[in-house]
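> Got a predicted structure here, sequence first:
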Amino acid sequence: MKTLTHLERLEAESIHIIREVVAEAERPVMLYSVGKDSAVMLHLARKAFYPSPPPFPLLHVDTTWKFKAMYELRDKMAEMSGMDLLVYHNPEAQEKGINPFEHGSLHTDMWKTEGLKQALDKYGFDAAFGGARRDEEKSRAKERIFSFRTQSHGWDPKNQRPELWNIYNAKKAKGESIRVFPISNWTELDVWQYIHLNDIPIVPLYFSDKRPTFEWEGGLFMADDMDRIEKILGYRPETKERSIRFRTLGCFPLTGAVESEAKTLPEVIQETLLTTTSERQGRVIDKDAGGAGMEVKKQQGYF
Amino acid sequence: MADTDIKTENDGEPKYVVDSLIAEDIDEYLKQHEHKTMLRFITCGSVDDGKSTLIGRLLYDSKMIFEDQLDALSADSKKVGTQGQEIDFALLVDGLAAEREQGITIDVAYRFFNTEKRKFIVADCPGHEQYTRNMVTGASSADLAVILIDARKGVLVQTRRHSYICHLLGVKNIVLAVNKMDLVDYKQEVFDKIVADYTEFANSIGIESFAAMPISGFKGDNITTPSDNTPWYKGPTLVDHLETVEVLSSADAEKPFRMPVQWVNRPNLDFRGFSGLVATGEVKPGDQIRVLPSGKTSTVSKIVTFDGELEQAVAGQSVTVCFEDEIDCSRGSVISVADNPPQTADQFEATIVWMADDAMVAGRAYWLKLGTQMVSATVQEPKYEVNVNTMEHLAAKTLELNSIGVAEISTDKQVVFEPYGENRALGGFILIDKMTNATVAAGMLNFSLRRSQNVHWQALDIGRKQHAALKNQAPAVLWFTGLSGSGKSTIANLVEKKLHRMNRHTFLLDGDNVRHGLNKDLGFTESDRIENIRRVGEVSKLMTDAGLIVITAFISPFQADREMVRSMLPEGEFFEVFIDTPLKVAESRDVKGLYKKARAGELKNFTGIDSPYEAPRSPEIRIDTTKLSPEEAATLIVDTLLGDA
């Protein structure tokens, strides 16, 4: 008798979750951020419905501050999967020119938190898949796979529905919505290994290469669109070529690069396992509001 | 543990030597990781038994804690930790801000770690008295339970409760971890005494076997390496045991094939597949299968996945199965091996764990979700409630938050099931409140009731269509609802008179009149009121079968009960008529003097006074009696009925 490996079980469980949502929700959507977790989630969705294409669109809540390579992969993957791609920009953030250099955490609030709420309301989505994992951060360890949001998109950690066996309760009142996290039980290592085994396309920025970089406020950043950066900073930072890669991909000034020689997936995994700092450390967001940063963000409606 | 090797020489801070394979041969390491199996377990214990510390230790020992987290942890330990200047592992796993302040874990948290052989998912279950529901949640998907005991305290009431719940939820592997051995000087007598006490208790509730081990989560004894402090203990370390114990899913693979259908995959006219997660057993192309509840059989033509067609699918895999024949199969159906199918029934005995603040209401309709089946179900008054501390059976009228009881359940449709003890996937269910959509209970089907197997529906030649055709009308139920004194009976009477004049065949069921006969055994408690409405609903349904237009006038204060009646009838035949009269107005009329009595406390459970009225959310007809006269109201109702009918 064949015993399933942990990755086979994780894959089967995630596919089960995605199918349950499609069977019970009226208008599901998959949030697609072009990162490695999104890549795995999209791949699982394609597996769940094969030979049909996944019966929901992809939604990218864009900040206009992603790397060029991310926009390229996004468009390629949407085409490859046969899914509609919706891109949403918060018009208010666009109008006010909100950017990560001058506006700090307001950048995330406006483009991502507000942008996501607006996009979900605009299209009337009642269920949104997200690629969050429980091993990422403490408050996520307790979040359910089906996470309910009030009409105003708030999250109440005290009032979550119990989840038993693999039975999910997707019932909700009009106007309420669910965030669903199909890869909740995956770890960072699982995600990398699955990408490796399934040959899933990811943004090349995850792999080391010689890239132009600049330093700003103690961090190392890639020089992706220097004209735009110069306009905001008022000067053109000095750039230098270095071997760098990214451990996580967000908005480029908010996501620091690391110096690395990892050019292949096994090398990336090796580096990940040997490093001594956690994945999210490269992100500024968790450090807000003391240790409870993510919990506060989530109660406000951040994914 | 292979990923890391803990060094604690010189009594210094622990330092890590990462598995050398990662640095030397990453491909080999990945190959090893690729072939790991997965074990889910829960840890249960009382508030101070050291659960979080143990989990923190397991994460720490398997390098799931990074340096930055460790720095934060050191700082936190000194600020809010309970271990003085030493590292408080518990802080690693106590997540939410509120919990950190209170110092207790109040919800289930999931943690992950790897060893050379397995990936582990740990459900960290709270030990606090009030949180049975969280433990049940964690135990529902666990292969194994680690029951922690404080060596200084021995077997406590909580230990019994946790063991009972794990056993109830079908967790076959139990580890008795006698923790804090360092605080009893690693004495064998202490350990032996606890094991003897626990054995006696475990036998009494039917736990057949368990593995006991002396540990210290804080000091690390017998967690990953055998401890020098317990030379008298010859058994495996905790991690050794976790790595080698049989996982539940392998046992599932030995059982007969069952797959609940989640979704019908139909991209074009040439392809029709049925997608689901194989619950038990295995399936191959060429296998004879049976689809439940229809009982139709066919042959598997192929098993389709994104990665190619499979020669075989086993329990735990998500697949899409195609048949040779076009037979009826949809979401909620169960595909089974043809010669050994599961049963179907609509009445059961079940063990129920109540998980909501609002107590169970016997007779009320809830949604019951079992696998991919969703049906309407009512729960009878419990046969008994179980005292989870003493296992005694207690008489009970209802089930409150965190209580566990045994009750009969009836469903409005046939459910494909197997007893929970035989099959978790076809025996475990949740109950959902139809109003709030909250998950209010978890349940386990024990067996179906014989009466449901032996009472069959008799097919008759003259049906509702023929009855209605003869009367030349479309049957319907005009369900009046509103406060006492709102004008229901008055308006209903006018409506019937109007319809009668138009040669319609009608019948008026009045609340007070029905209570003189059919329902004279019922009182006014919540359960009795539900039964009252259920019977009126059934009678109304028979009358519509006979072709009549039925008019009912009952306060019927609860939305769920009105919905129950709606669901008994064919779509479009139920008209909810809300006689909307403000309480103030109804009370000032007080035709029968009932409000006065209720206000004086002489009449209990009176709607609007000490029992709630749930106004209809979207009635077919709403009558504002402050704006319309009874005559105008009756005309509006008749016009709506006939216009729609």
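That came through, no problem.
> Residue 32 - nearest residue in space that isn't next to it in sequence?
Just so you know, I chose chain A. Counting by CB to CB, 6 or more residues apart in numbering or on different chains, residue A:32 lies nearest to residue A:58, which is 4.2 Å off, once chain neighbours are set aside. (Glycine included, C-beta is placed from N, CA and C.)
> actually chain B
For residue B:32, the spatially nearest residue (CB to CB, 6+ apart) is residue B:116, at 6.8 Å.
> quick one: which helix or strand includes that neighbour?
Take DSSP states H and E as the rule and residue B:116 turns out to sit in neither a helix nor a strand.
> Surely it touches residue B:35?
No. Contact criterion CB atoms under 8 Å: residue B:116 and residue B:35 do not qualify, at 10.5 Å.
> So which residues of chain A form strands?
Taking DSSP state E as the test, the strands found in chain A are A:28-31, A:58-61, A:85-88, A:127-129, A:146-149, A:177-180, A:209-216, A:219-222, A:240-245, A:258-259.
> Adding mean neighbour count and mean pLDDT, write the ones you listed out as CSV.
Formatted as CSV, those follow (neighbours: other CB atoms under 10 Å in any protein chain shown; pLDDT from 0 to 100):
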stretch, mean neighbour count, mean pLDDT
strand A:28-31, 23, 96
strand A:58-61, 23, 94
strand A:85-88, 16, 94
strand A:127-129, 26, 95
strand A:146-149, 22, 87
strand A:177-180, 24, 92
strand A:209-216, 15, 88
strand A:219-222, 18, 82
strand A:240-245, 16, 92
strand A:258-259, 14, 86
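> closest to residue B:179 out of those strands?
Residue B:179 sits nearest to strand A:146-149 of all these, at 32.8 Å, using CB to CB.
> Can you tell me what sits against the closest one?
A:155, A:160-161, A:163, A:168-170, A:172, A:176-181, A:301 (CB atoms under 8 Å, 6 or more residues apart in numbering or on different chains).
> in the stretch 351-500 of chain B, what residue is nearest chain A?
residue B:437 (4.0 Å; CB to the nearest CB).
> Report the contact partners of residue A:93.
A:63, A:110, A:111, A:114, A:115.
> For the residues you listed, work out which two are farthest apart.
A:63 and A:114 (11.0 Å).
> Looking at those two, which has the bigger crowd around it?
Ranked by neighbour count (other CB atoms under 10 Å in any protein chain shown), residue A:63 and residue A:114 place residue A:63 first, with 23 against 20.
> Which pLDDT value belongs to the nearest residue to residue A:101 once chain neighbours are set aside?
Counting by CB to CB, 6+ apart, residue A:232 is the residue found nearest to residue A:101 once chain neighbours are left out, at 4.8 Å. What the model reports as pLDDT for residue A:232 is 77.
> pLDDT below threshold where in chain A?
Along chain A, the model assigns pLDDT under 70 to residues A:1-2, A:137-139, A:157-159, A:252-254, A:276-303.
> That one: helices as residue ranges?
For chain A, applying DSSP state H gives helices covering A:6-24, A:36-49, A:68-81, A:91-96, A:100-103, A:105-107, A:115-123, A:188-198, A:226-233, A:265-274, A:293-299.
> With distance to residue B:109 added, can I get the ones you listed in CSV?
Output for the helices of chain A, formatted as CSV (distance: least, CB to CB, whole Å):
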stretch, distance to residue B:109
helix A:6-24, 18
helix A:36-49, 20
helix A:68-81, 32
helix A:91-96, 34
helix A:100-103, 32
helix A:105-107, 26
helix A:115-123, 25
helix A:188-198, 18
helix A:226-233, 41
helix A:265-274, 23
helix A:293-299, 13
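> Which among these is found nearest to residue A:247?
Nearest of the helices of chain A (CB to CB): helix A:265-274, 7.3 Å.
> what are the phi and psi angles of the residue nearest the centre of chain A?
Centroid-nearest residue in chain A: residue A:33, 4.6 Å away (criterion: CA atoms, centre = their mean). Phi and psi for residue A:33, reported as degrees, to the nearest 10, are phi -110, psi 0.
> Distance check, it against chain B.
Here the criterion is CB to the nearest CB, to the nearest Å. By it, residue A:33 lies 22 Å from chain B.
> Just to check, that residue is in contact with residue A:132?
No. Judged on CB under 8 Å, residue A:33 makes no contact with residue A:132 at a distance of 10.3 Å.
> Can you name the residues that contact residue B:266?
So residue B:266 contacts A:52, B:272, B:273 (CB under 8 Å, 6+ apart).
> What parts of the stretch 1-150 of chain A come near chain B?
A:1-13, A:15-16, A:19-20, A:22-23, A:46-53, A:134-135, A:138-139, A:141-142 (CB under 8 Å from any CB of the partner chain).
> For PyMOL, write a command that selects the buried ones of the residues you listed.
The PyMOL command for the buried members of the residues of the stretch 1-150 of chain A next to chain B (criterion: 16 or more other CB atoms under 10 Å in any protein chain shown) is given here:
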select buried, chain A and resi 3+4+5+6+7+8+9+10+11+12+13+15+16+19+20+22+23+46+47+48+49+50+52+134+135+138+139+141+142
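> Tell me how many other residues surround the closest residue to residue A:251 other than its chain neighbours.
Leaving out its chain neighbours, the residue that sits closest to residue A:251 by CB to CB, 6+ apart is residue A:65, at 4.0 Å. Applying other CB under 10 Å, we find 20 residues neighbouring residue A:65.
> separation between residue A:65 and residue B:578?
For residue A:65, the distance to residue B:578 equals 53 Å [CB to CB, to the nearest Å].
> cool, residue A:85 as well?
From residue A:85 to residue B:578 the distance is 46 Å (CB to CB).
> again, but for residue A:45
44 Å.
> OK, contacts around residue A:203?
A:34, A:35, A:67, A:69, A:70, A:73, A:249.
> rerun that using 7 Å as the cut-off
By CB atoms under 7 Å, 6 or more residues apart in numbering or on different chains, residue A:203 lies in contact with A:34, A:69, A:70, A:73, A:249.
> The fourth one and residue A:35 touch, don't they?
I take that to be residue A:73. No. Applying CB atoms under 7 Å as the test, residue A:73 and residue A:35 come out as separate, 10.0 Å apart.
> overlap in contacts of the two?
Between them, residue A:73 and residue A:35 share no contacting residue, judged by CB under 7 Å, 6+ apart.
> ok, longest helix in chain B?
Every helix in chain B considered (DSSP H), the longest is helix B:526-545.
> Was I right to think the residue of the stretch 351-500 of chain B closest to chain A contacts residue A:170?
No. Contact criterion CB under 7 Å: residue B:437 and residue A:170 do not qualify, at 9.0 Å.
> which strand is the longest one in chain B?
Assigned via DSSP E, chain B shows its longest strand as strand B:404-417.
> Give me the distance from that one to the chain's centre.
12 Å (CA atoms, centre = their mean, to the nearest Å).
> Could you identify the helix or strand that succeeds that strand?
helix B:424-427.
> does any part of that following helix sit near chain A?
Yes. For helix B:424-427, a contact with chain A is found by CB under 7 Å from any CB of the partner chain, at residue B:424.
> residue contacts, the nearest residue to residue A:78 once chain neighbours are set aside?
Spatial nearest neighbour of residue A:78, excluding adjacent residues (CB to CB, 6+ apart): residue A:85 at 3.7 Å. By CB under 7 Å, 6+ apart, the residues touching residue A:85 are A:57, A:58, A:60, A:78.
> ok, which pair from those residues is furthest apart?
A:57 and A:60 (10.1 Å).
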